[in-house]
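> Please find the sequence and the predicted model below.
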Amino acid sequence: MAGGVPRPDPAVGAAGRARSGVGVIGAYALLAMSTQLLWLTFAAITPESARDLGVSQGAVGDLAVVNALMFVVLAIPAGRWLDRDYRATLAAGALFTALGAVVRALDPTSFAVVMAGQVIMSVGQPLVLTATTKIAARHVGPEHQTTAIGIASGAQFLGILVAVLTGAPLYDAGGLRAVLIANAAFSVVAAVAVLLSLRVPPLAEPPADTDRSMAWLRRDPVMWRMAALLFVGFGSYNALATWLDSLMTDFGHPGAAGNLIAVMTLAGVVGAAVLPGFVGERDARRTHCLVATAALAAVALVLIVAHGVVIGGVLLAGLGFLLLGTLPVVLEWAEVHVGPARAGRATAFLLLAGNVGAVVVVLTVQVAIDHPQLALGVLAAWSLPGLAFALLLPRSTPTSAPAAV
């Protein structure tokens, strides 16, 4: 069909459409993984990258910072574009992501070239990630949408894990060139898969929203409370990932943080995949948010007095399972709350709040980082506003979204 959205073929049975939906979600998960892989490419090889590119380690850090800055600028516009034209927006996100990865690999000795590629792929990231709930609403039946959202969200954390675990081995095998080429190859495959998946007819076409503005958001206190919750949750995870090495070194366990972060993130991948369906079926979303936020306080306080590697691994695995699982739970909740026509803008707003929290919470913990017990106390204190906002969320979720206002 030339132009427009492909229409479902009546000859294709429900089972065939369901299998197509699984393929669409799988392709999207690969692309979501690649956005995080490209964001944190240099996290595990910062000194080596600085040497090869002829810049300071701080400049290498700027390669990751540019992603956060672009997300803050583009998140809301990306959500609006997605609600207006899903296919064109996601296609643009796939193309920007792959193009940026390829540009970085053109000259692994030039910081300017690598930075240019990083900026290009940073444009694609919000265009891709704001589709997390929209793609589930289009291609998966209602009974499986929470699981699809969990898989798509968990893919982001899996991308973080892959970036951290593969950076050093790839560098050892072939230097920075090998790292950037491998990342580019993965991103191109993921982008092609998504572009092909856009030819799959949707299982259901979400209704159009005649109000393209964000005025409804100002009158929706539930969305603001969800955003505040993700501000705390995202921020706390990033604070732990950023400062755990300093904390464990001060506690007498240098070099242990990398494995602990990997354990926490891997547990988060599992949590993101299984928790949304579990809590959604039981309408226990608010309960989950309360438990996850309370777990943040409990883990931080226990680590103050018991900070061995084994107990740290157990605690952080449990926290990662609950805390990272909160992202898809809240995203799915928001989609149910606002309806699929506004899902792109809702997801963009929530992810924006989480990214801002990732900066603010990290900086507040940094103030006390020279005193590890105090730093953990600051982290525990962040759970208090988190619990307050979780308590203000609805006890149950209506089966249908509110009417547009």
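Now that the structure is in, tell me what you want to look at.
> secondary structure element for the residue nearest the centre of the chain?
Nearest to the geometric centre of the chain sits Gln156, at 4.6 Å (C-alpha atoms, centre = their mean). Gln156 is part of helix 145-197 when elements are defined by DSSP states H and E.
> That helix packs against which elements?
Contact analysis of helix 145-197 by 3 or more C-beta pairs under 8 Å, 6 or more residues apart in numbering; DSSP states H and E lists helix 14-39, helix 46-53, helix 86-106, helix 111-129, helix 132-139, helix 257-281, helix 309-338 as its packing neighbours. Glycine gets a C-beta too; all of them are placed from N, C-alpha and C.
> most packed of those helices?
helix 132-139 (a mean of 27; mean count of other C-beta atoms under 10 Å).
> Give me the distance from that helix to the chain's centre.
From the chain centre to the centre of helix 132-139 is a distance of 15 Å (C-alpha atoms, centre = their mean, to the nearest Å).
> How is the protein partitioned into domains?
The record's domain parsing of the chain by automatic domain parsing lists 19-197, 219-392.
> chain center to the first one, what's the gap?
Read that as domain 19-197. Distance, centroid of domain 19-197 to centroid of chain: 10 Å (C-alpha atoms, centre = their mean).
> got it, and the last one?
Its chain's C-alpha centre lies 12 Å from the corresponding centre of domain 219-392 when counted by C-alpha atoms, centre = their mean.
> and that domain, how far apart are its ends?
End-to-end distance of domain 219-392 (C-alpha to C-alpha, to the nearest Å): 16 Å.
> Could you pull up the contacting residues of the closest residue to Asp250 other than its chain neighbours?
Of all residues not flanking Asp250 in the chain, Pro372 sits nearest, at 4.4 Å (C-beta to C-beta, 6 or more residues apart in numbering). Counting by C-beta atoms under 8 Å, 6 or more residues apart in numbering, Pro372 makes contact with Ser246, Leu247, Asp250, Phe251, His307.
> Of these, which belong to helices?
Applying DSSP state H to the contacts of Pro372, the entries found in helices are Ser246, Leu247, Asp250.
> what number of residues lie near the second one?
Looking back up the chat, that one is Leu247. For Leu247, the count of nearby residues is 23 (other C-beta atoms under 10 Å).
> For it, give me its contacts.
Neighbouring residues of Leu247 by C-beta under 8 Å, 6+ apart: Ala257, Leu303, His307, Ile369, Pro372, Ala375, Leu376.
> contacting residues around the spatially closest residue to Gly312 that is not a sequence neighbour?
Nearest non-adjacent residue to Gly312, counting by C-beta to C-beta, 6+ apart: Leu260, 5.7 Å away. Shown in contact with Leu260 (C-beta under 8 Å, 6+ apart): Leu244, Met248, Val309, Gly312, Gly313, Leu316.
> Relative to Val361, how far out is the fourth one?
When you say that, I think you mean Gly312. Distance of Gly312 to Val361, computed by C-beta to C-beta, to the nearest Å: 19 Å.
> about what we covered before: with Ile181 as the reference, name the closest of the helices and strands packed on helix 145-197.
Distance to Ile181, taken as C-beta to C-beta, is lowest for helix 86-106 among these, at 5.0 Å.
> could you check the angle helix 145-197 makes with that closest one?
Angle of helix 86-106 versus helix 145-197, following axes from the mean of the first three to the mean of the last three C-alpha atoms, to 10 degrees, is 70 degrees.
> For helix 86-106, give the mean pLDDT please.
Averaging pLDDT along helix 86-106 yields 97.
> As CSV, could you dump the C-alpha coordinates of that helix?
In CSV, the C-alpha atoms belonging to helix 86-106 read as follows (Å, rounded to 0.1, in the frame of the first residue of the first chain):
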residue,chain,number,x,y,z
TYR,A,86,3.2,7.4,15.4
ARG,A,87,4.8,5.8,12.4
ALA,A,88,6.7,8.8,11.1
THR,A,89,8.0,9.7,14.6
LEU,A,90,9.2,6.2,15.4
ALA,A,91,10.8,5.9,12.0
ALA,A,92,12.7,9.1,12.5
GLY,A,93,13.8,7.9,15.9
ALA,A,94,15.2,4.7,14.4
LEU,A,95,17.0,6.6,11.6
PHE,A,96,18.6,9.2,13.9
THR,A,97,19.7,6.4,16.3
ALA,A,98,21.3,4.3,13.6
LEU,A,99,22.8,7.3,11.8
GLY,A,100,24.4,8.7,15.0
ALA,A,101,25.9,5.3,15.7
VAL,A,102,27.4,5.0,12.2
VAL,A,103,28.8,8.6,12.3
ARG,A,104,30.6,7.8,15.6
ALA,A,105,32.3,4.8,14.0
LEU,A,106,33.6,6.8,11.0
